[in-house]
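A.B. asks: just need the structure, nothing else, for what follows:
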Amino acid sequence: MSITSPEPRLGGWLLLPLAWLILTLLTSTLALAMYSSALFNPSWRHLLGQSQPLLMQWGLSLATSLLVWLYSAWVTWIFCQRSRRLPRHYIIWLLLTLALALKTFAFSPVADGAAVRSLLISLLAAAALAPYFRRSQRVKATFIAP
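C.D. replies: Down below sits the predicted model:
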């Protein structure tokens, strides 16, 4: 009679990357609500009266928020399914959040303190979690589902 060890569950340090993923999903939901509220506002025609570059920037921000939300939701789904595709996509997701934080720091009219804080948090998360997802035996043992 052979006794097999139980499959590793989502727990321990893996809850921290999952929490980071869920917080980003919630943040992008709020960003989507903010950008799309202009469409549901009775004075949405005011939006169309804006200059072309401003309207293009608003549309690009809405599209970016939608893509980040969709990708974050999908990565959360495969995280909870313990898919073996997760480590690679989680690292891509971390790099995407880092690139968006860098874009915010460089181009957005946000206070420098908030932009720097966002950039540093994304940089720290990518620097710590990318090697962990790449080399950890715990990650390799947990994410085994097809």
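A.B. asks: give me the next element, helix or strand, following the lowest-mean-pLDDT helix or strand in the chain.
C.D. replies: Lowest on mean pLDDT, DSSP states H and E among the helices and strands of the chain sits helix 45-48, with a mean of 65. Using DSSP states H and E, the helix or strand that follows helix 45-48 in sequence is helix 52-80.
A.B. asks: in that next one, what counts as buried?
C.D. replies: Within helix 52-80, the residues scored as buried using 16 or more other CB atoms under 10 Å are 62, 65, 68-69, 71-72, 75-76, 78-79. Heads up, the C-betas are built off the backbone N, CA and C, glycines and all.
A.B. asks: can you tell me which of these is nearest Thr29?
C.D. replies: Nearest to Thr29, judged by CB to CB, of those is Trp69 at 6.3 Å.
A.B. asks: pLDDT below threshold where in this protein?
C.D. replies: Across the chain, residues meeting the criterion (pLDDT under 70) sit at 1-8, 42-49, 110.
A.B. asks: who touches the strand or helix carrying Tyr90?
C.D. replies: Per DSSP H and E: Tyr90 is located in helix 86-107. With CB atoms under 8 Å, 6 or more residues apart in numbering as the test, helix 86-107 has contacts from 17, 21, 24, 64, 68, 71-72, 74-75, 78-79, 110, 115-116, 118-119, 121-123, 125-126, 129-130, 133-134, 139-140, 143.
A.B. asks: so who does Leu54 touch?
C.D. replies: Residues near Leu54 by CB under 8 Å, 6+ apart: none.
A.B. asks: gap between it and Ser37?
C.D. replies: 17 Å (CB to CB, to the nearest Å).
A.B. asks: what's Arg82 sitting at in phi/psi?
C.D. replies: Torsion angles at Arg82 (phi, psi; degrees, to the nearest 10) stand at phi 60, psi 40.
A.B. asks: how many residues are close by it?
C.D. replies: Counted by other CB atoms under 10 Å, the residues lying close to Arg82 total 16.
A.B. asks: so what's it closest to, chain neighbours aside?
C.D. replies: Counting by CB to CB, 6 or more residues apart in numbering, Arg82 lies nearest to Ala145, which is 4.7 Å off, once chain neighbours are set aside.
A.B. asks: number of residues surrounding that neighbour?
C.D. replies: 12.
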